Structures are given as C-alpha cells and as structure tokens.
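[1] structure here, sequence nowhere to be found:
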C-alpha cells in the first residue's frame, strides 16, 4: 500500500493494518522528511488518544493529515505506533 500526497509517496508498506476502513502504516514506513509533529490530539472511545502529523511536501501543507496512537487501549494494540491518513491523502495499492 502507498500513501500519496501532492504527487509524492509519503508512506509505503506491505504490512498495513485495516481498522474502520483506514489503512494504518507501520511508523517506520513513513518518509519522515514529509512529517511534522502537530499539537492536535483527539480521543477515540475504544482506541485511545490520537496524535497528529502535518504533512508538508514541497511547501504544500496538509495540517493534521495523519494520525497515530502512541498508546492504545487493549482493544487497539494492533495499531500502536501505526499511522493512518485522511484529508485528501490517497491510499492505494
């Protein structure tokens, strides 16, 4: 699977985990040069507290376009330290 933003592959992995229709990529599969930590957080009742990344490709910024769970509930252990995307990031095979 590939995550693409602004014509660039920003993550690629053969080992994604699908939860609620979202492909979660192993954290080590993201291209770190395109990611900046965000101060945004949200809470999912069954997964835990999500942290976000802003994606920046050649000056095109997509705020909070990626999220991950640094700590998860017991029900979501399979996505701890995995990253998912939204806000126009294309996830494709």
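    Good, I have the coordinates. Owing to the predicted nature of the structure, the values given are computational and were not obtained by experimental measurement. Residues are numbered from 1 along each chain as shown.
[2] C-alpha from now on. contacts and neighbour counts both.
    Will do.
[3] show me where pLDDT drops low in the chain?
    Nowhere does the chain drop to pLDDT under 70.
[4] tell me the strands in it, going along the chain?
    Per DSSP state E, the chain carries strands over the ranges 2-5, 8-12, 17-19, 22-26, 35-44, 48-57, 60-68, 82-85, 90-92.
[5] who are the packing partners of the fifth one?
    Judged by 3 or more Cα pairs under 8 Å, 6 or more residues apart in numbering; DSSP states H and E, strand 35-44 is in contact with strand 48-57.
[6] paired strands for the strand it packs on, with orientation please.
    strand 35-44 (antiparallel), strand 60-68 (antiparallel) (DSSP bridges).
[7] now the last one: buried residues?
    Along strand 60-68, the positions that meet the burial threshold by neighbour count (16 or more other Cα atoms under 10 Å) are 62, 63, 64, 65, 66, 67, 68.
[8] for stretch 7-19, same thing?
    Buried residues in stretch 7-19, counted by 16+ other Cα under 10 Å: 9, 10, 11, 12, 13, 16, 17.
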